[in-house]
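In: Next one to model:
(one chain, ligands or ions: 1)
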Amino acid sequence: MAKKRIPVVIVAGFLGSGKTTLLNHVLRNNRGVRVGVIVNDFGAVNIDSMMVAGQVDSMVSLSNGCMCCAVDVSDMDDMLDRLANPTSQIDVVIVEASGLAEPRNMIRLVLGSRNPHVVYGGLVVMVDGEQFEETSARHPDLGKHVTLADLVVLNKTDRIDEPRLGAVKQLVRDYNDRAPILATAHGRIEPTLLFDQEPGRDPAPGEQLTLDRLLLDQHEHCDEGCGGHGHLHSSYESVDFASADPIDPRRLVDFLESRPVGIYRIKGFVHFAVPGQSRKFEVQTVGPHIRFTSTRWESGEERTTQLVLIGADIEPEKARAGLEDCIVSEGEDVDPGAMLGVHRYTVTA
Ligand SMILES: Nc1nc2c(ncn2[C@@H]2O[C@H](COP(=O)(O)OP(=O)(O)OP(=O)(O)O)[C@@H](O)[C@H]2O)c(=O)[nH]1
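Out: Numbering: from 1, shown residues only. Take a look at the predicted model:
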């Protein structure tokens, strides 16, 4: 019997909406389904792949640029070939798009694939329930992305009350009147919703997601000047920061609480210089929210700090200088109480 084709599901959604969280949930609850993952990050350090690593059967990652622009169909094929080939044990491929990706281009890359073992498995768009009203007003493209979705995951419902949830649902419905909307917290959806996509089905009616149409859109889009993309990420930029020297917790919390103007998203790992403190801390900020997760260093893992900051109209040098000020200089004492500020924002993994 011919082997079934492997569905390729694209998970998109604005910065910090919860894509990696959903992916990790799905990987942890895969019910024996073997998942291959393609992770794309906007910054040069692929923080997302570090956050997914260890849970996944097979992963390829692409950092430093948004896949929807940086990659053409043959590059996507290379990545798919590594995951989906005749000897592959993979049942489904999930592509986690960068938070600034243009889903239409991502779909084009998958539909245009020459890999005979894969089939487009649908577009999941994650919406940050708390931020969507504001971010979609600021970035009309976000509404267009929702329009393309086969499934909308309305995430972070723990941060909003019922009436607000109703209003956000209605807003999503206004953009897309056919896709199921799944309200959830922490991306905890039923994983089979992703895996059970009917292989080989055509894109849903209501959107002309044929390859021809998508190629045409791509062409039209490039006519507008592919150097100055009309995409979300044309106005966004990222700053990477790495330090082998440890970080002062109090200064870092001050930095995060008074984020430089324009920074919307920060993510990465921190090595704090505090006597008796040997934990590794993951840090995440989305809009005004700060969250540390206390985890542990793997044996032999180098203790460094790696952060990616993403925003619009940011001043990279200023942002980097602010973080450099958080580095503890040699011989400097850090008082153990300095961790209090971090603990205020910490959850345990
Ligand atoms: N309160 C709350 N926090 C959430 C929820 N889902 C995700 N988060 C947190 O939001 C932050 C961003 O989540 P991610 O899963 O990294 O978001 P993302 O969409 O992958 O982010 P980018 O790849 O940077 O676009 C993390 O601190 C998560 O723990 C949720 O439902 N409720």
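In: OK, contacts around the residue lying closest to residue 129 once chain neighbours are set aside?
Out: Distances taken as Cβ to Cβ, 6 or more residues apart in numbering place residue 156 nearest to residue 129, at 4.4 Å, with adjacent residues excluded. Bear in mind the C-beta positions are built from the backbone N, C-alpha and C, glycine included. By Cβ atoms under 8 Å, 6 or more residues apart in numbering, residue 156 lies in contact with 17, 18, 128, 129, 130, 131, 185.
In: ok, residue 51 - contacts?
Out: 20, 24, 282.
In: What subset of these is buried?
Out: Among the contacts of residue 51, those buried by neighbour count (16 or more other Cβ atoms under 10 Å) are 20, 24, 282.
In: and the last one, which of the three is it?
Out: Which is residue 282. Following DSSP: H, G, I helix; E, B strand; the rest coil, we place residue 282 in the strand state.
In: Kindly present the contacts of residue 156 as JSON lines, with separate columns for neighbour count, pLDDT and distance to residue 137.
Out: Putting the contacts of residue 156 into JSON lines (neighbours: other Cβ atoms under 10 Å; pLDDT from 0 to 100; distance: Cβ to Cβ, whole Å) gives the following:
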{"residue": "17", "neighbour count": "28", "pLDDT": "97", "distance to residue 137": "16"}
{"residue": "18", "neighbour count": "25", "pLDDT": "96", "distance to residue 137": "20"}
{"residue": "128", "neighbour count": "25", "pLDDT": "98", "distance to residue 137": "13"}
{"residue": "129", "neighbour count": "25", "pLDDT": "98", "distance to residue 137": "15"}
{"residue": "130", "neighbour count": "21", "pLDDT": "97", "distance to residue 137": "14"}
{"residue": "131", "neighbour count": "24", "pLDDT": "96", "distance to residue 137": "11"}
{"residue": "185", "neighbour count": "14", "pLDDT": "97", "distance to residue 137": "23"}
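In: List just the nearest of these to residue 105.
Out: Distance to residue 105 across these (Cβ to Cβ) is lowest for residue 17, with 18.3 Å.
In: wait, residue 136 sits on residue 142?
Out: Yes - applying Cβ atoms under 8 Å as the test, residue 136 and residue 142 come out as touching, 4.5 Å apart.
In: so after the lowest-mean-pLDDT helix or strand in the chain, what's the next helix or strand?
Out: The weakest-scoring helix or strand in the chain, judged by mean pLDDT, DSSP states H and E, is helix 211-223 (a mean of 47). Going down the chain from helix 211-223, the next helix or strand is strand 236-243, by DSSP states H and E.
In: Next secondary structure after that next one?
Out: Strand 236-243 is succeeded, C-terminally, by helix 249-257 (DSSP H and E).
In: packing partners for that following helix?
Out: Here helix 249-257 touches strand 280-286, strand 289-295, helix 316-324, helix 340-344, going by 3 or more Cβ pairs under 8 Å, 6 or more residues apart in numbering; DSSP states H and E.
In: which of the ones you listed is buried the deepest?
Out: strand 280-286 (a mean of 21; mean count of other Cβ atoms under 10 Å).
In: export that one as PDB, just CAs?
Out: This file holds the C-alpha atoms of strand 280-286, laid out as PDB (Å, rounded to 0.1, in the frame of the first residue of the first chain):
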ATOM      1  CA  LYS A 280      19.300  28.700  34.500                       C
ATOM      2  CA  PHE A 281      16.600  31.200  33.800                       C
ATOM      3  CA  GLU A 282      14.600  31.500  30.700                       C
ATOM      4  CA  VAL A 283      13.200  35.000  30.200                       C
ATOM      5  CA  GLN A 284      10.300  36.000  28.100                       C
ATOM      6  CA  THR A 285       8.600  39.400  27.600                       C
ATOM      7  CA  VAL A 286       5.600  40.100  25.500                       C
END
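In: Let the chain start at 26 from now.
Out: Done: numbering now begins at 26, and the last item shifts to strand 305-311.
In: what residues are up against the nearest residue to residue 279 once chain neighbours are set aside?
Out: Nearest residue to residue 279, sequence neighbours excluded (Cβ to Cβ, 6+ apart): residue 366, at 7.9 Å. For residue 366, the contact set (Cβ under 8 Å, 6+ apart) comprises 274, 275, 278, 279.
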